[in-house]
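In: For reference, the sequence and a predicted model appear below.
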Amino acid sequence: MYKKILLPTDGSTYADQEVERVEKLIADDGEIIILSVAGRLTSSAFQSRKKVKKVNDKLKKDAIKFVDQMASKFDDSYNVKKMVLTGFPAETIKKVAEEEGVDLIVISASGKSGIHKFVIGSVAEKVLKNSEVDVLLVHND
């Protein structure tokens with residue numbers, strides 16, 4: 001059983017499979033950290049600051065929604081911590097895993113990008129290759 005599990009989410013449709021795995025692996029007194037990483041655009045000559053801010057606000061709002069949706073799949077008997085950060089997903093997941101001292105990262109093999117189910121998504125692949133803790137890669141049906 002794992003004491004602390006990091007469960008990143010991008011709002012993809014595979015959350016139920018990930019939740020199922022976490023429920024089987026978490027210790028009775030363990031903690032589940034649900035993380036969503038909102039991307040961040042920067043303004044350029046082609047986009048005004050106002051438009052970029054609007055997009056960034058939407059990305060952050062979506063990330064909060066994704067974390068809340070994932071957290072709602074666990075009943076009150078689980079110790080769930082919600083986190084929403086801004087950055088590059090794979091790098092942020094790795095950083096949070098290190099800072100929080102997690103024992104396991106549970107991540108979907110492919111997320112929002114719609115990549116074919118037999119191919120590992122780019123974020124999952126980077127996390128798998130660069131993580132210093134165990135990673136459970138959940139195959140998507």
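Out: Yep, it's here.
In: Quick one: residues in contact with the helix or strand encompassing D62.
Out: Assigned by DSSP states H and E, D62 belongs to helix 49-71. The contact list for helix 49-71 (Cβ atoms under 8 Å, 6 or more residues apart in numbering) reads 7, 9-11, 15, 18-19, 34-43, 80, 82-84, 86. Using the backbone N, CA and C atoms, a C-beta is placed for each residue, glycine as well.
In: For S48, what are phi and psi?
Out: phi -70, psi 160 (degrees, to the nearest 10).
In: Pull out the buried positions in the helix or strand following the helix holding D62.
Out: Moving toward the C-terminus from helix 49-71, the next helix or strand (DSSP H and E) is strand 79-86. By neighbour count with 16 or more other Cβ atoms under 10 Å, strand 79-86 contains the buried residues V80, M83, V84.
In: and the longest strand belonging to the chain, which residues are buried?
Out: When the chain is parsed with DSSP state E, its longest strand is strand 26-38. By neighbour count on 16+ other Cβ under 10 Å, the buried set for strand 26-38 is I26, G30, E31, I32, I33, I34, L35, S36, V37, A38.
In: can you check stretch 6-15 too?
Out: L6, L7, P8, T9, D10, S12, Y14, A15.
In: Just the endpoints, please. Distance across it?
Out: Counting by Cα to Cα, to the nearest Å, you get 13 Å between the two ends of stretch 6-15.
In: what's the offset of that stretch from the middle of its chain?
Out: A distance of 5 Å separates the centroid of the chain from that of stretch 6-15, by Cα atoms, centre = their mean, to the nearest Å.
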